[in-house]
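Chemist: With the input below, show me the fold.
(2 chains)
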Amino acid sequence: MARGVFDLSQTSDVVTWNVMMSGYNRIKKFIESIKLFDEMERKGLLPTSVTLVLVLSACSKLKDLDYGKRVHMYVKECRVEPSLMLENALIDMYAACGKMDLALEIFRNMKTRDVISWTPIVAGFTNVGEVDLARKYFDQMPERDYVSWTAMIDGYIRVNQFKEALALFREMQTSNIKPDEFTMVSVLTACAHLGALELGEWIKTYIDKNKIKNDVYVGNALIDMYFKCGNVEKAQRIFKEMPRIDKFTWTAMILGLAINGHGEEALDMFSEMLKASIAPDEITFIGVLCACTHTGMIDMGRKFFTGMASQHGIEPNVAHYGCLVDLLGRAGHLKDAHEVIKNMPMKPNSIVWSALLGACRVHKDVEMAEMAAKQILELEPENGAVYVLLCNIYAACKRWENLRKLRQLMVDRGIKKTPGCSLIEMSGIVHEFVAGDQSHPQSKEIYSKLDEMTRDLKFAGYSPDTSEISLDVGEEDKETALNRHSEKLAIAFALFSSGSRVTIRIVKNLRMCVDCHRVAKLVSKIYNREETLNLESMVQSSFYFMAGTRNGTDNTSMGHRMKSYSTPHHQNLGAKMKLNALKTSDIWSADLVHSQFKPHRIYS
DNA sequence: GTAGGGTTAG
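Modeler: Model prediction:
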């Protein structure tokens, strides 16, 4: 390369400079490209349209708006013929820098547009969080290729609309557009968040069968997907088989092991990462702290926290403080956790306070809970979850008067609670339940299975833990309310509709209640004893959200498997959700490329 | 010699 630069200084052949710049872009040395452009200007060399496209591409990647504008000025002043390619490059540059108004100005004034003019507009809007606008342009596109589809799918993922992302992937399949490795990464990410293991496995097969480039990004996404779906073994297998790994791979491994309750293995991974001379980043430390929290290693966690800055030169950010609060709080060190918040160098955000509030709930500290809740509501007055959590704590501590007042306050302020819902993938169809749900066509069977389950549980010594039911009513009514929780409906549904050796995997949007957690544990236990033959394997790996409890840590570590993600409000489910009924086996049936989906209803 | 999309937490 040095030789190339030397030669360049001798030549005034612009094409040679272009080749050089293109080479820098390809190896992602965008700053070098810009330097070359500077040098050309100094030498008075006249850049061609290609030169400008290349330097704009570099500006776009670097999000260097100022330099991009300078190049744009140059285009205007020197009256370079605005080719389609050059205009596309300008759109891309402005869109990448978040200047959608400027991007659109060029877009609207174009005489002809191709698919590359549209895609940066779509991607640009998703980058600034305007996913609906992005979709508007996406729908208007006269033609779409795999890049445009992937950009839109990825847009949904950025705003946590994973089900919409999968629905769009399904549409892409039916539109005969072949996905590539970029698409696969996006879809796997959505699977990870939804706990959709079946679809994730299908994607893995698809990649293998269609010879899609299995690069390090794909490997990392697979690892993440398997871990988030609770399948530790398969995640580890992918890790072992990857020919090339990077710091994201290590981070995914550390975090994945941590959230599945393998805290010590996670820390072993961290040591190996350091041994391999891969520098950890701030996210890696999230995983490390998470591992300590899940395994109850308080002192270890503190040590890593202080070591971040002193040994690795990474200043803890607000998220790390959140982890530290979580670590101390879960272990019952509420005062220490509070001290951490009081002394942290930046303003605590609602997540930090929520960690403390969650700990107050576990350890039933009403006063501190009230204080934490107040702090959160100052930051986020619309945070309905806080009210609910505080209600739970009042109920658990039998503070009925406080509870009554708080409920009134919720009504007065028009607080809407996010409905808790449980999601379960069964034969490739995603079923969704809310508390007391009777809309499922097999509702009758579900409730009778639920009764049967409760009988079995009681026989095994279970008594419902009604402490978190925030109704000031008789115990019997509380039990009924408990019994209708969405996760129990999902469990009952899973028990009668899946084969005996099938793992039950449930994803929730909110933190699970204490009682449901106990029921989940007991169900696997008693069905294990009574039906060893049929249910053994299910019990071994079932209720993946309980993986953390298998290692001896108890319910303090749960809630972590309950991945929070945004669920569309139930009122809007209808049309959107219908697309979400991905029937994996149907996709599978054809040659794994373009097959038709049967329409399925989603029950909300 | 030429443009667009990708991974990690709470």
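Chemist: drop to CA atoms for contacts and neighbour counts, all remaining ones
Modeler: Noted.
Chemist: Point to the residue nearest the middle of chain A.
Modeler: Nearest to the geometric centre of chain A sits residue A:193, at 4.9 Å (CA atoms, centre = their mean).
Chemist: Can you dump the C-alpha atoms of the helix or strand containing that residue in PDB for me?
Modeler: Taking DSSP states H and E as the criterion, residue A:193 maps to helix A:181-194. Only the C-alpha atoms of helix A:181-194 are listed here, as PDB (Å, rounded to 0.1, in the frame of the first residue of the first chain):
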ATOM      1  CA  GLU A 181     -26.100 -13.500   4.900                       C
ATOM      2  CA  PHE A 182     -27.200  -9.900   5.900                       C
ATOM      3  CA  THR A 183     -30.800 -11.000   5.900                       C
ATOM      4  CA  MET A 184     -30.000 -14.100   7.900                       C
ATOM      5  CA  VAL A 185     -28.300 -12.100  10.600                       C
ATOM      6  CA  SER A 186     -31.400  -9.800  10.900                       C
ATOM      7  CA  VAL A 187     -33.800 -12.700  11.000                       C
ATOM      8  CA  LEU A 188     -31.700 -14.600  13.600                       C
ATOM      9  CA  THR A 189     -31.700 -11.500  15.700                       C
ATOM     10  CA  ALA A 190     -35.500 -11.400  15.600                       C
ATOM     11  CA  CYS A 191     -35.600 -15.100  16.500                       C
ATOM     12  CA  ALA A 192     -33.300 -14.500  19.500                       C
ATOM     13  CA  HIS A 193     -35.600 -11.800  20.900                       C
ATOM     14  CA  LEU A 194     -38.800 -13.800  20.300                       C
END
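Chemist: For the next helix or strand after it, buried residues please.
Modeler: Downstream of helix A:181-194, the next assigned helix or strand under DSSP H and E is helix A:197-209. Across helix A:197-209, burial judged by 16 or more other CA atoms under 10 Å covers A:197-204, A:206-207.
Chemist: And these, which is the shakiest by pLDDT?
Modeler: Lowest in pLDDT among the buried residues of helix A:197-209 is residue A:198, which has 85.
Chemist: where's that residue relative to residue A:335, distance?
Modeler: Distance from residue A:198 to residue A:335, counting by CA to CA, to the nearest Å: 44 Å.
Chemist: coming back round to it: and the helix holding residue A:193, how far from the chain's centre?
Modeler: 10 Å (CA atoms, centre = their mean, to the nearest Å).
Chemist: can you tell me if stretch A:332-339 touches DNA strand B.
Modeler: No. Using CA under 7 Å from any atom of the strand, stretch A:332-339 stays clear of DNA strand B, coming no nearer than 13.9 Å.
Chemist: Around DNA strand B, pick out the residues from the stretch 201-350 of chain A.
Modeler: Near DNA strand B, when you scan the stretch 201-350 of chain A using CA under 7 Å from any atom of the strand, you find A:215-218, A:220-221, A:224, A:248-249, A:251-252, A:255, A:259, A:283-284, A:286-287, A:290, A:319-320, A:322-323.
Chemist: if I read this right, residue A:25 contacts residue A:33, doesn't it?
Modeler: Yes. The criterion here is CA atoms under 8 Å, and residue A:25 meets it with residue A:33 at 6.7 Å.
Chemist: quick one, which of these two is more surrounded?
Modeler: For residue A:25 and residue A:33, the more surrounded residue by other CA atoms under 10 Å is residue A:33, and the numbers stand at 26 against 20.
Chemist: Name the helix or strand for the more buried one, please.
Modeler: Going by DSSP H and E, residue A:33 is part of helix A:30-43.
Chemist: So for that helix, what gets flagged as buried?
Modeler: Neighbour-count burial for helix A:30-43 [16+ other CA under 10 Å]: A:30-34, A:36-37, A:40.
Chemist: same thing with stretch A:95-109?
Modeler: A:95-100, A:103-104, A:106-107.
Chemist: quick one: low-confidence ranges for the stretch 401-550 of chain A?
Modeler: A:416-420, A:427-430, A:468-478, A:499-503, A:509-513, A:526-550 (pLDDT under 70).
Chemist: is any part of the next helix-or-strand element following the helix holding residue A:33 close to DNA strand B?
Modeler: Once the chain leaves helix A:30-43, the next helix or strand it forms, by DSSP H and E, is helix A:49-62. Yes. Counting by CA under 7 Å from any atom of the strand, DNA strand B is contacted by helix A:49-62 at A:49-51, A:53-54, A:57, A:60-61.
Chemist: buried subset of the residues you listed?
Modeler: Judged by neighbour count, with 16+ other CA under 10 Å as the criterion, the buried members of these are A:49-51, A:53-54, A:57, A:60-61.
Chemist: could those be laid out in CSV, adding pLDDT?
Modeler: Shown next, in CSV, are those (pLDDT from 0 to 100):
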residue, pLDDT
A:49, 90
A:50, 92
A:51, 93
A:53, 94
A:54, 95
A:57, 96
A:60, 95
A:61, 94
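Chemist: and which of those residues is nearest to DNA strand B?
Modeler: Checking those against DNA strand B by CA to the nearest atom of the strand gives residue A:50 as the nearest, at 3.7 Å.
Chemist: and which of the buried residues of helix A:197-209 is nearest residue A:75?
Modeler: Taking CA to CA as the measure, residue A:75 sits nearest to residue A:207 out of the buried residues of helix A:197-209, at 42.8 Å.
Chemist: Would you check that that closest one makes contact with residue A:219?
Modeler: No. Using CA under 8 Å, residue A:207 is not in contact with residue A:219, being 10.8 Å away.
Chemist: hang on, the earlier thing: what subset of the residues of the stretch 201-350 of chain A next to DNA strand B is buried?
Modeler: Buried among those (16+ other CA under 10 Å): A:216-218, A:220-221, A:224, A:248-249, A:251-252, A:255, A:259, A:283-284, A:286-287, A:290, A:319-320, A:322-323.
Chemist: So which of those are in helices?
Modeler: A:216-218, A:220-221, A:224, A:248-249, A:251-252, A:255, A:259, A:283-284, A:286-287, A:290, A:319-320, A:322-323 (DSSP state H).
Chemist: how about the strands in chain A?
Modeler: A:421-426, A:429-434, A:506-508 (DSSP state E).
Chemist: now the ones you listed as TSV including distance to residue A:361?
Modeler: Formatted as TSV, those follow (distance: least, CA to CA, whole Å):
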stretch	distance to residue A:361
strand A:421-426	20
strand A:429-434	23
strand A:506-508	19
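Chemist: Any regions of chain A where pLDDT drops low?
Modeler: Short version for chain A, where the test is pLDDT under 70: A:1-9, A:416-420, A:427-430, A:468-478, A:499-503, A:509-513, A:526-604.
Chemist: dump the residue contacts of whichever residue of the stretch 301-450 of chain A sits closest to DNA strand B.
Modeler: Nearest residue of the stretch 301-450 of chain A to DNA strand B, counting by CA to the nearest atom of the strand: residue A:319, 4.4 Å away. With contacts defined as CA atoms under 8 Å, 6 or more residues apart in numbering, residue A:319 is in contact with A:286, A:351-352.
Chemist: Now with 10 Å, please.
Modeler: Residue A:319 makes contacts with A:282-283, A:285-286, A:325, A:348-349, A:351-352, as judged by CA atoms under 10 Å, 6 or more residues apart in numbering.
Chemist: out of the residues you listed, which is most surrounded?
Modeler: Of these, with other CA under 10 Å as the count, residue A:325 tops at 28 neighbours.
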